[in-house]
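Engineer: sharing a sequence plus its predicted fold:
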Amino acid sequence: MSATMKNFQFTQTNFDEFYNTICDIESRQTSWINEEYAEEIAELKWQRYCEKKKKDDYQSKLKNKKYLQFRELDLRRKLLNRIGKYELEEGEIFE
């Protein structure tokens, strides 16, 4: 009979039997896990996470770079407009 807590009697056993029963239950519950496969999957997930993070960082840098380029152009137009060398196009406003 396999070890389970249902057929275990607490009052009629010593610590060694209790410990062995707990170890048997734990080993049976975790026996389906292949350690090498689990490590391989963990490594693969970590690599995907790192690649995604790098991609997200790169995308945010690109967005920031584009924003700064547009902001610089906007400031140049604003300055040129103030000194009278740039006419606003229809519907154009400055931030």
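Structural biologist: Perfect, thanks for sending it.

Engineer: mean confidence (pLDDT) on the helix or strand harbouring Arg76, please.
Structural biologist: Taking DSSP states H and E as the definition, Arg76 sits inside helix 35-82. Averaging pLDDT along helix 35-82 gives 85.

Engineer: against which helices or strands is that helix packed?
Structural biologist: Helices and strands touching helix 35-82, by 3 or more Cβ pairs under 8 Å, 6 or more residues apart in numbering; DSSP states H and E: there are none. No exception for glycine: its C-beta is placed from N, CA and C like everyone else's.

Engineer: any idea how far the residue nearest the centre of the chain is from Glu89?
Structural biologist: In the chain, the centroid-proximal residue (Cα atoms, centre = their mean) is Tyr49; its distance is 5.7 Å. For Tyr49, the distance to Glu89 equals 46 Å [Cβ to Cβ, to the nearest Å].

Engineer: now do Ala42
Structural biologist: Counting by Cβ to Cβ - Ala42 and Glu89 are separated by 56 Å.

Engineer: any idea which residue of the protein is furthest from its center?
Structural biologist: Centroid-distance maximum for the chain: Gly84 at 51.3 Å, with Cα atoms, centre = their mean.
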